[in-house]
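Enquirer: Give me a 3D structure for the following:
(one chain, ligands or ions: 2)
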Amino acid sequence: MVTVSRDLPAPADLGTDLLALPEGSPLQLDLQLESVMEGVYVTGTVRGRAAGQCGRCLTEIELDVDADLQELYAYPGKRPEGEQDEDDLRELEGDLLDLEPALRDAVVPALPFQPVCRDDCPGLCSECGARLADDPDHHHDVVDPRWSALQGLALDEGGATEDRREPAGSRTDAQEEN
Ligand SMILES: [Zn+2]
Ligand SMILES: [Zn+2]
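Expert: Ligands and ions are numbered 1, 2, ... in the order given. Next up, the predicted model:
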């Protein structure tokens, strides 16, 4: 068994739309390579730091990623018994292991499907898009359509009052004539 520790730059597209390990960011690999009948069995861990956005409030977030990696690299032509799916089979290319697909298989499922900045992130205001975590008392005075109808009534009453002033005015005129 051979133990390998490597620091490698992350390949492109290691993650999801919301959360990914930035291309070129440091990946720390601690792997054990074990020679088996069919080839080389690789196990170990991949560590890195993912960056992305909170799925609720869109704040930038960073997250440590620690994923387990297990992969059999078969000698060319030596398919392990019972292994029928060619897509899942990784072959050794000479003495080289192509780690990138195995990295992807290990890291992507280890990322949270719905990343959040914190478990109780309240998200964004549905009215104005403000971050509710910044302003817990945030609210809007929502005018019920029935109340806005009453506001219209109040305006009409004001108009009616003005209408009543005119006869009062004419009465004043009448008094001046007397
Ligand atoms: Zn959030
Ligand atoms: Zn708002």
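Enquirer: okay, CA-based contacts and neighbour counts for the rest of this
Expert: Will do.
Enquirer: Tell me the secondary structure of whichever residue of the chain sits closest to ligand 2, please.
Expert: Proximity of the chain to ligand 2 (Cα to the ion) peaks at C128, 4.0 Å away. Under DSSP: H, G, I helix; E, B strand; the rest coil, C128 falls in the coil class.
Enquirer: That one: neighbour count?
Expert: C128: 9 surrounding residues under other Cα atoms under 10 Å.
Enquirer: and it, what are its phi and psi?
Expert: phi -130, psi -10 (degrees, to the nearest 10).
Enquirer: got it, and A102?
Expert: According to degrees, to the nearest 10, A102 has phi -70, psi -40.
Enquirer: How about it: what's its closest non-neighbour residue?
Expert: Closest residue to A102 apart from its sequence neighbours, by Cα to Cα, 6 or more residues apart in numbering: E71 at 6.6 Å.
Enquirer: mind checking the SS state of the one you found?
Expert: Assignment for E71 (three-state DSSP): strand.
Enquirer: Point out the residues in this protein that sit beside ligand 2.
Expert: When proximity is defined as Cα under 5 Å from the ion, the chain approaches ligand 2 at C125, E127, C128.
Enquirer: would you put the C-alpha positions of stretch 128-141 in PDB?
Expert: Extracted in PDB, the C-alpha atoms of stretch 128-141 (Å, rounded to 0.1, in the frame of the first residue of the first chain):
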ATOM      1  CA  CYS A 128     -38.600  44.400  -1.800                       C
ATOM      2  CA  GLY A 129     -35.800  41.800  -1.800                       C
ATOM      3  CA  ALA A 130     -34.200  43.100   1.400                       C
ATOM      4  CA  ARG A 131     -32.200  40.600   3.500                       C
ATOM      5  CA  LEU A 132     -34.400  39.800   6.400                       C
ATOM      6  CA  ALA A 133     -31.400  38.600   8.500                       C
ATOM      7  CA  ASP A 134     -30.100  42.200   8.500                       C
ATOM      8  CA  ASP A 135     -33.400  43.600   9.600                       C
ATOM      9  CA  PRO A 136     -35.500  41.300  11.800                       C
ATOM     10  CA  ASP A 137     -38.300  43.800  12.200                       C
ATOM     11  CA  HIS A 138     -38.600  44.400   8.400                       C
ATOM     12  CA  HIS A 139     -42.100  44.500   7.200                       C
ATOM     13  CA  HIS A 140     -44.300  46.500   4.900                       C
ATOM     14  CA  ASP A 141     -47.700  48.100   5.700                       C
END
